[in-house]
Structure formats: structure tokens, C-alpha cells
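In: sequence and predicted model, in that order:
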Protein chains: 2
Amino acid sequence: MGVLGGMGPAATADFFAKLVRATPAATDQEHLATLVWSDPSIPDRTDALLGTGPSPVPRLVEGVHLLDRAGATLIAIPCSTAHAFLPELRRATARPVVSMVEATVQRLRAAHPQVTTVGLLATTGTVTTGLYQRSFRWSGIDCLVPAPPQQERVMQAVRQVKAGNMQTASRTLGPPVAALTGSGAQILVAACTELPLVLGSRAAGCDVFDPTKALAEDVVVLARRQQQNNLDKESTWTSASA
Amino acid sequence: MGVLGGMGPAATADFFAKLVRATPAATDQEHLATLVWSDPSIPDRTDALLGTGPSPVPRLVEGVHLLDRAGATLIAIPCSTAHAFLPELRRATARPVVSMVEATVQRLRAAHPQVTTVGLLATTGTVTTGLYQRSFRWSGIDCLVPAPPQQERVMQAVRQVKAGNMQTASRTLGPPVAALTGSGAQILVAACTELPLVLGSRAAGCDVFDPTKALAEDVVVLARRQQQNNLDKESTWTSASA
């Protein structure tokens, strides 16, 4: 499988570690063959979505092509904001590109069937696109987002994580987290891959859902299914030719 | 830069995370472009060195070629045991392949100049090759290795980490760690990339040195030097053509 990463590199490393942990394996040889392309030169996704920076699409498409040429049969992108450009990336390859947004909504519903209102912690780019809000609404779940000054703090926390200042980021997130839970969020969705690096599994007395882990779990299921299909095809072919 | 990994995948994820942390960067864009090929199908290195399994060299060489073709200008292999095959891998590419053994010995000497005796925790394959013992001896440092029954426990702990059983592995390592410190080791070298996943920075009252981190630090220095050389060449070329 192929991982298009670097957005940021620490979040990519976190996704890779969660992918390994999500794989049932007792020896090295039972793990998934994985190619991770961590390209830190991809322009900032939020800046592009707010119209204040260049489009990341050309570099993202190059990354997809690199993974495709190297033989990846499945591509995952551990960056929520980059999912705004998923249609362009899916057009750039014949391989399936897994959606972190769909993985999150489906796995959250399955794991927390009683939840009717979630609180979204994401970059300003992701919030602006409405990707998560729409997917949750289609599943009958209300999705609360922080008011603009609180959203500015979330974005600031994301930049602090990218600069390696984890403790500062954790403090910066305090007010938006409190505002979301105070407004009725039953669970917080850490929908920027930088955020699970500082939020634990609980914040302000509320469960935190980790989309990075949801994506890793989806990838393991899909990759196993691909392997199984290939084995089935091989055995059909063997019996047909026998 | 290119990372040839999968030996095991969790150790590769750990190396990638340490590489990101070792890079001085405040934004995504200041990080190193990194391609990680985690190939779990590489045959077990210790089995090959003990003559009980197939050689990993053909798969390792394929991995080096994949990274080379994709444009890696520097290659690192976060697996001590695979370093037994470093001459073959260096012959397979014109790119520099960084040695984790050399990185460890040089950085341990610089960070702990008072140390004259280290204790080696490594796979039975690595211990058998004598790679670390020889490099330490050439630097005037005695390198103690566990007696055979204790070495068997270290190997067992490595397999337990590969299977995800961290707590069991930690208990398995107790007796060999105690034996090395009891025999006069002033510092323990966790010279199998699985071991820093369970050993902290101290064990049995003794500092633990982390070769995975040493390799990450060496890679950052070398990659920065390559970037600088390229910039120098570009500016020379620009002035020459101006």
C-alpha cells in the first residue's frame, strides 16, 4: 500500500505507527508492504483553501504518481485538509484512494452508536470545505464547529504541533475544547492528523475520536481484501489451467 | 532520503518518528523529503546469519534499487542485523548507505566520553557477526555480550516485540540486562531496532543508548550537508554562467 504523507511529517509517522499496530501480525512477514512518501514541500492546504497560498494539487498528483509507479495498489493520505482535493487525486490514479472522512464517519457511528452530536477540531481549511460536517449530517449526526476566535486557536495549535511545541499546543486547545463540549458535543473528532499527537483519548471529560486510527483500520481491512481477491484469482486461474 | 525498512515495521515507524524529531523545523516545508519502503517480506536476518534460513540479500538489494530509482540520494536501514550485509548493499547503489553501527559508536563516544565498557543487547545474528564488538574495540571501548542462555532471552524479547507483546518483552529482558550491568557495563546499547520500543532511557540503574536515534541524527546531518552542497553547486554554476 502507498501512503502520501508529509502533511506534516510527524503526523505521517504517527499514521504509519498506527497502521502497524492495526495489523494483526506475530512476525515481520505478516505485515503489509508499505511505501511512505513523505513530501514536506507540498504547499499548505489551508492557505490554498482560503485563497492565500498556491494550490497543493500539482505536488499531490506527483506524489500519487510516484506511489502508483512504485506499485502501490491502495493509497492513503493522512491529512484531513488534503481531502478537499480528493476528487482530483482520485482522477490521477486507477488505484483506490481511501477517504479518511468516510472512514471516520463510518467507524465513529459503529463504535459510538448513541452519539448524535460531535465536536469538530480541524484546520480552518477543513472546516471551510464542510467535508466532515456534510458527511456527519448525511449520517444523521450533528457536527458542531468552533466559533471563529476559537477556530483560530485550533489552527494555532496545529501550527504549534508542526513546530514540535506539544505542551503549548495542548494549552492552546483548552478553550475551543471546552467551548465544544459546553455546546453539547458528546465526542470530539480530532480531524487534523496533528491533533491526536497532543490530545489523548479524553479531553475536558469527553472522548476524543482519532481519524488517523480510523484510516489505518480501514486500510488494513481493504488491503487484506485485496490480498484475498488476488489469492482467489490465483487459485481460480490455477484450477482453470489445471 | 530513502529508508529501507520493514525489519520490523514497528521499528521502521519508530525510526521515521525519530528522524522527524531530529530535524530542526518549524513548518512542514522545512523537513526532509523521505521515502520509506517497509518491506515485511525480507527474510529473517538472524536465521540467515545462523544458516537456518534463506538470505535476505536479494530482497534488500531490490529495496535499495526501488529507493534509488525513486530518487533517494541517501539511504538508511533501521535494522542492525541487516548491517551484516552492508557491503553487498553498498555495492548495489551509487548512493551513500549510512551505517547504523558507525553512527552508534561515534555518537556514543561523543555523548559519553567517560564510558570504557558497554553492554550489547542485539539479535543473535548481530552478536554472531561481531559488527558492534569490533567497532567498539577499534574505538578503545570494551563491548560485553550476554552469555548464551541470556542471549537466547534477548532474541526471545525481540520476537515478542515483533508480535506486539511489549510488556512480556520487557520482563524477558530483565535477566540479560541485570547480567550485563552486573558484569561492569556502564551503558547498555539497544542495538536491535525493536529494543528501544520497550527499553526506556534507563534500565537496571544504567543508561540505555539508542542506535535508532543515532542513525536518525546522522541522517539529518548528512542530508543537510547534501542540500548545502547542491546549493553551493547551483550558486557556483549561476556565477560561472553569469
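Out: Yes, it's here. Numbers count the residues shown, from 1 in each chain, chains lettered A, B, ... in the order given.

In: which bits of chain A sit near chain B?
Out: A:6-10, A:12-14, A:16-17, A:19-21, A:23, A:25-42, A:44, A:66, A:70, A:159, A:162-164 (C-beta under 8 Å from any C-beta of the partner chain). Placement of C-beta: from N, CA and C, glycine included.

In: since we're on the closest residue in space to A:His83 that isn't next to it in sequence, how many residues are nearby?
Out: Nearest non-adjacent residue to A:His83, counting by C-beta to C-beta, 6 or more residues apart in numbering or on different chains: A:Val101, 5.5 Å away. A count of neighbours around A:Val101, defined by other C-beta atoms under 10 Å in any protein chain shown, yields 22.

In: and the top helix by length along chain A, what does it pack onto?
Out: Counting residues, the longest helix in chain A under DSSP state H turns out to be helix A:211-241. Helices and strands touching helix A:211-241, by 3 or more C-beta pairs under 8 Å, 6 or more residues apart in numbering or on different chains; DSSP states H and E, are helix A:9-22, helix A:100-111, strand A:187-190.

In: buried residues, it. List them.
Out: Applying a neighbour-count criterion of 16 or more other C-beta atoms under 10 Å in any protein chain shown, one finds A:211-220, A:222-223, A:226 buried in helix A:211-241.

In: looking at those, spot the one nearest chain B.
Out: Closest approach to chain B among the buried residues of helix A:211-241 (C-beta to the nearest C-beta): A:Ala216, at 11.0 Å.

In: my read is that the closest one contacts A:Phe15, right?
Out: Yes: the criterion here is C-beta atoms under 8 Å, and A:Ala216 meets it with A:Phe15 at 6.3 Å.

In: which residues of chain A fall in helices?
Out: A:9-22, A:45-49, A:57-69, A:86-91, A:100-111, A:124-129, A:131-138, A:148-162, A:166-182, A:211-241.

In: so for the longest helix of chain A, what's the average pLDDT?
Out: Averaging pLDDT along helix A:211-241 gives 81.

In: where does chain A dip in pLDDT?
Out: Residue ranges of chain A with pLDDT under 70: A:234-242.

In: so the longest helix of chain A versus helix A:131-138, what angle?
Out: 70 degrees (axes from the mean of the first three to the mean of the last three C-alpha atoms, to 10 degrees).

In: run the angle between helix A:211-241 and helix A:100-111 for me.
Out: Using the same axes, to 10 degrees, helix A:211-241 lies at 100 degrees relative to helix A:100-111.

In: distance from helix A:211-241 to the middle of the chain?
Out: Relative to the centre of its chain, helix A:211-241 is centred 21 Å away, using C-alpha atoms, centre = their mean, to the nearest Å.

In: and for stretch A:5-22?
Out: That offset, for stretch A:5-22, works out to 10 Å (C-alpha atoms, centre = their mean).

In: cool, stretch A:175-189 as well?
Out: The chain centre lies 20 Å from the centre of stretch A:175-189; the measure is C-alpha atoms, centre = their mean.

In: over to stretch A:112-127?
Out: Taking C-alpha atoms, centre = their mean, the mean C-alpha location of stretch A:112-127 is offset from the chain mean by 13 Å.

In: what residues sit buried inside it?
Out: A:Val115, A:Val118, A:Gly119, A:Leu120, A:Leu121, A:Ala122, A:Thr123, A:Thr124, A:Gly125, A:Thr126, A:Val127.

In: for stretch A:100-110, same thing?
Out: Neighbour-count burial for stretch A:100-110 [16+ other C-beta under 10 Å]: A:Met100, A:Val101, A:Glu102, A:Ala103, A:Thr104, A:Val105, A:Arg107, A:Leu108.

In: let me see the contact set for the residue nearest to A:Thr193 when sequence neighbours are not counted.
Out: Leaving aside its sequence neighbours, A:Thr193 sits nearest to A:Ala11 (C-beta to C-beta, 6+ apart; 3.5 Å). Applying C-beta atoms under 8 Å, 6 or more residues apart in numbering or on different chains to A:Ala11 gives the contacts A:Gly5, A:Pro78, A:Cys79, A:Thr193, A:Glu194, A:Leu197, A:Thr212.

In: cool, and A:Ala185?
Out: So A:Ala185 contacts A:Thr117, A:Val118, A:Gly119, A:Leu144, A:Cys206 (C-beta under 8 Å, 6+ apart).

In: so how many other residues sit close to A:Trp138?
Out: For A:Trp138, using other C-beta under 10 Å, the count is 9.

In: any idea how far it lies from A:Ala92?
Out: From A:Trp138 across to A:Ala92, the span is 26 Å (C-beta to C-beta, to the nearest Å).

In: before we move on, what about A:Pro149?
Out: Taking C-beta to C-beta, one finds A:Pro149 at 37 Å from A:Ala92.

In: A:Thr117 too?
Out: Distance from A:Thr117 to A:Ala92, counting by C-beta to C-beta: 36 Å.

In: not counting sequence-adjacent ones, nearest residue to A:Pro40?
Out: Closest to A:Pro40 by C-beta to C-beta, 6+ apart is B:His31, at 3.8 Å.

In: torsion angles phi and psi at that neighbour?
Out: Main-chain dihedrals, B:His31, degrees, to the nearest 10: phi -80, psi 170.

In: tell me which residues touch it, please.
Out: So B:His31 contacts A:Gly6, A:Gly8, A:Pro9, A:Ser38, A:Pro40, B:Val20, B:Thr23, B:Ala25 (C-beta under 8 Å, 6+ apart).

In: which phi and psi does the fifth one have?
Out: Put plainly, it is A:Pro40. phi -80, psi -10.

In: can you pull the buried residues of stretch A:39-47?
Out: Buried-residue list, stretch A:39-47, by 16+ other C-beta under 10 Å: A:Asp39, A:Pro40, A:Ile42, A:Pro43, A:Asp44, A:Arg45, A:Thr46, A:Asp47.

In: could you dump these to CSV with distance to A:His83?
Out: Converted to CSV, the buried residues of stretch A:39-47 look like this (distance: C-beta to C-beta, whole Å):
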residue, distance to A:His83
A:Asp39, 16
A:Pro40, 19
A:Ile42, 13
A:Pro43, 16
A:Asp44, 15
A:Arg45, 9
A:Thr46, 12
A:Asp47, 16
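
In: of all those, which comes closest to chain B?
Out: Out of the buried residues of stretch A:39-47, the member with the shortest distance to chain B (by C-beta to the nearest C-beta) is A:Pro40, at 3.8 Å.

In: check contacts around the closest one.
Out: By C-beta under 8 Å, 6+ apart, A:Pro40 lies in contact with A:Gly6, A:Gly8, A:Pro9, B:Ala25, B:Asp28, B:Gln29, B:Glu30, B:His31, B:Leu32, B:Ala33.

In: so A:Gly200 touches A:Cys206, yeah?
Out: No: counting by C-beta under 8 Å, A:Gly200 stays clear of A:Cys206, with 11.2 Å between them.

In: tally up the residues packed near A:Pro54, please.
Out: 11.

In: contacting residues for it?
Out: So A:Pro54 contacts A:Pro43, A:Asp47, A:Ala48 (C-beta under 8 Å, 6+ apart).
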